[in-house]
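Undergrad: pasting the sequence and the predicted coordinates here, then a few questions.
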Amino acid sequence: MLSYISCVRTTFAGALLCATTLSPALAGDPQKGGALRVLATADVDHFDPSSTGSAPALSFHRAVTRQLISFASSTDEKVRIVPVGDLAEAVPQLSADGLTYTFKLRKGVAWNTPGGARALTAQDFERGIKRMCNPALGSFALSYFVDLISGMSDFCTGFSKVEPSVQAMKAYIESKDISGIETPDDQTIVIHLTQQAGDFIYMLTLPAASPAPVEVLEFMPDGPDYRSNFVSSGPYTVESYTPDSSLRLVRNPAWDSASDPLRGGYVDSIDVSMGMQPDAAMQQLQSNDGDVTYDINVPAANLQMFTATGDEKLTTVSNGFTNYLAINTVSANNNSALQNLKVREALQYAIDKAAIVQQMGGSSVAQPLNGIFAPSILGYHNFDLYPTPEGKGDPEKAKALLAEAGYADNLKIKMPFRNQYPDSSVAQTIQASLKRAGIEVEMVPVTATDFYSKYMINRDNTRSGGWDIAPVGWSPDWAGGAARSVFQALFTFDGVTPQTYNYINYNNPSANELAKKAYAATSADQVAALWNQVDELIMKDAVVVPYTAIKLVLYHSASVENFLPYAPSGRGDWTNIWLNR
């Protein structure tokens, strides 16, 4: 996409925040029609945008939801991390005190309600923000907004006392307001913040910040009735859905391309087939029986072949994705061994990160990681508190730490892992690394669908010792200045509301104070230096073992044209692809 950019000064890193008018730089003439065939291992985690938390699901939400601010899909890494107006006409000027944003909605945006197309309004945006703190189904994104938007904390405190029934939640949402969100007319939204936050514009790109039509208040958040009565604002809407099997999206008759500068809406339908294995998916892409993948990266063997032949259908995308070993410091397993810092430090030294890099496809797609931030995030720096020769692990150092802690040769731990590529092979490498250090690992294969819901974010399972360590992944929740979306989501706890992906309710008050300074810092150097300190503080606590920063390696069929990566998902943008068959 070509972009004509106008910029305004913000408080974030003293940088320019740019609103963009887009003009398509397309790979030939767009072809309308056809069905885009998407191959997936797992289901979409949530249809309800207020609750979605997985990066692959952002491809779905790109097609069926819209936000005030979003990103253009592009092959240019710099273009695709610039926030631009989506529902909003443009990225607005910030008030002089850095606390107020005023948005003007585009005209012509509509919901596909059961009664026909109805205009999307400013009040729908406030309703969407309110739904984030409903007592029936939490939102991982709530922590970004609740103390930042004036009056939202009070609104959510009141909401937490409401019976989690459809009628009670509807009554509360419709009768109470968030004082920091004003809607003087249907096209105007004014948001007041409690403190300066230069990355607030980026937060508004999250699906959780999507407007919500009044109709959704008739259903439990993300429940079966919500899904079967889905109301869309994007170019596509849900026609049919079978859990863990298939999903079909078709054109949304209420969508007007003139109101949407970011989505082309070229194909007639999008068919998602779930339960695929990576090798089978690659075969279907090569034989033109499938078009793109939902949550599948190119396996190492295929990558070598595609690279050797110079296959132009291969795409590598950086989106800050990291892999790390989560450590359960909550359970009492092994006489509370993982609550002992020396045991956790032993895990740091034991892991052979170089071997994991090879399992993921080599240095062209992965690199060893020693902190919580990926190289693409402002705040990353190259440090290592637990160095080992060539990143291959130091089993003798690990054994010595275990002996000091009183756990020499008698530590047995449980490790669930997603039974899919590359997680299975990575889990085997971790098991072998820990065995060299004298730690016995019980492998627990879990389906991709069940891994997070039944193990990682199940608080009862965590407390009872259902797992000890687990290989997990994380990508920033937004593109650009995204350190907050790693730190706040994974490593903060207010003592009241558990973070969905902070599996052990970890919290470090010193790191929190430094982060607050980073949010308000006015230069890139200040921001980076503060996040550097946060990173080192967390790694001193050794509650995770980061092991790789990776690039997503994607492949598509010969029928796909205009394959443009969408930064938040790290995948090709379904809404801008067209087909040449």
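TA: Noted; the coordinates are in hand. Computed from a predicted model, the values in this text were never measured in an experiment. Numbering: from 1, shown residues only.
Undergrad: residue ranges of the helices in the stretch 201-350 of the chain, please?
TA: For the stretch 201-350 of the chain, the helices defined by DSSP state H, counting those that start in this stretch occupy 224-228, 278-286, 300-308, 333-336, 341-350.
Undergrad: ends of stretch 560-573, what's the gap?
TA: Terminal residues of stretch 560-573 lie 11 Å apart, using Cα to Cα, to the nearest Å.
Undergrad: mean confidence score for it?
TA: What stretch 560-573 shows for mean pLDDT is 95.
Undergrad: what of stretch 123-141?
TA: 95.
Undergrad: between the two ends of it, what distance do you get?
TA: 20 Å.
Undergrad: also stretch 534-549?
TA: Terminal-residue distance, stretch 534-549 (Cα to Cα): 18 Å.
Undergrad: residues of that stretch that come out buried?
TA: Residues 534-539, 541-549 are the ones in stretch 534-549 that count as buried (16 or more other Cβ atoms under 10 Å). C-beta coordinates here come from the backbone N, C-alpha and C atoms, glycine included.
Undergrad: same check, this time on stretch 377-393
TA: Judged by neighbour count (16+ other Cβ under 10 Å), stretch 377-393 contains these buried residues: 377-380, 386, 388, 391, 393.
Undergrad: ok, stretch 335-343 next?
TA: The neighbour-count check on stretch 335-343 (16+ other Cβ under 10 Å) flags 337-340, 342-343 as buried.
Undergrad: please tabulate those in JSON lines, including the columns pLDDT.
TA: What follows is those, written out as JSON lines (pLDDT from 0 to 100):
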{"residue": "A337", "pLDDT": "97"}
{"residue": "L338", "pLDDT": "98"}
{"residue": "Q339", "pLDDT": "97"}
{"residue": "N340", "pLDDT": "97"}
{"residue": "K342", "pLDDT": "98"}
{"residue": "V343", "pLDDT": "98"}
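Undergrad: what is the nearest of those to E440?
TA: Checking the buried residues of stretch 335-343 against E440 with Cβ to Cβ, the nearest one is A337 at 12.2 Å.
Undergrad: so the closest one is in contact with V343, correct?
TA: Yes. Counting by Cβ atoms under 8 Å, V343 is a contact partner of A337 at 5.0 Å.
Undergrad: find the residues that touch each one of those two.
TA: Counting by Cβ atoms under 8 Å, 6 or more residues apart in numbering, the contacts common to A337 and V343 are 405, 407, 411.
Undergrad: in ChimeraX, how would I select the buried members of those?
TA: Provided next is the ChimeraX selection string for whichever of these are buried by 16+ other Cβ under 10 Å:
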select :405,407,411
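Undergrad: lowest-confidence helix or strand of this structure?
TA: Lowest by mean pLDDT, DSSP states H and E among the helices and strands of the chain is strand 2-9, with a mean of 34.
Undergrad: helices of the stretch 401-550 of the chain, start to end?
TA: 423-436, 448-450, 459-463, 483-491, 509-520, 524-541.
Undergrad: from the middle of its chain, how far away would the first one be?
TA: Once both centres are worked out by Cα atoms, centre = their mean, to the nearest Å, helix 423-436 turns out to sit 26 Å from its chain's centre.
Undergrad: with just CA atoms, put that helix into PDB.
TA: In PDB, the C-alpha atoms belonging to helix 423-436 read as follows (Å, rounded to 0.1, in the frame of the first residue of the first chain):
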ATOM      1  CA  ASP A 423       6.000 -27.200  19.900                       C
ATOM      2  CA  SER A 424       6.400 -31.000  20.100                       C
ATOM      3  CA  SER A 425      10.000 -31.000  19.000                       C
ATOM      4  CA  VAL A 426      10.800 -27.900  21.100                       C
ATOM      5  CA  ALA A 427       9.300 -29.700  24.200                       C
ATOM      6  CA  GLN A 428      11.500 -32.700  23.500                       C
ATOM      7  CA  THR A 429      14.600 -30.400  23.300                       C
ATOM      8  CA  ILE A 430      13.600 -28.800  26.600                       C
ATOM      9  CA  GLN A 431      13.100 -32.300  28.200                       C
ATOM     10  CA  ALA A 432      16.600 -33.400  27.000                       C
ATOM     11  CA  SER A 433      18.200 -30.200  28.200                       C
ATOM     12  CA  LEU A 434      16.700 -30.600  31.700                       C
ATOM     13  CA  LYS A 435      17.600 -34.300  31.800                       C
ATOM     14  CA  ARG A 436      21.300 -33.400  31.400                       C
END
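Undergrad: need the max-distance pair from the buried residues of stretch 377-393.
TA: Maximum distance among those (Cβ to Cβ): 29.7 Å, for L378 and G393.
Undergrad: for G34, see how far away W111 is.
TA: Relative to G34, W111 is positioned 26 Å away (criterion: Cβ to Cβ, to the nearest Å).
Undergrad: list the residues that contact L217.
TA: With Cβ under 8 Å, 6+ apart, L217 has these contacts: 127, 166, 169-170, 173-174.
Undergrad: try it again with 7 Å
TA: 170, 173 (Cβ atoms under 7 Å, 6 or more residues apart in numbering).
Undergrad: the closest residue in space to Y241 that isn't next to it in sequence: neighbouring residues, count only.
TA: Excluding its sequence neighbours, the residue lying closest to Y241 (Cβ to Cβ, 6 or more residues apart in numbering) is L247, at 5.0 Å. Residues within reach of L247, counting by other Cβ atoms under 10 Å, total 23.
Undergrad: for L247, what are its contacts?
TA: Here L247 is in contact with 44, 241, 272 (Cβ under 7 Å, 6+ apart).
Undergrad: go again using 10 Å as the cut-off
TA: 38, 40, 43-44, 47, 60, 227, 238-241, 270-274, 294 (Cβ atoms under 10 Å, 6 or more residues apart in numbering).
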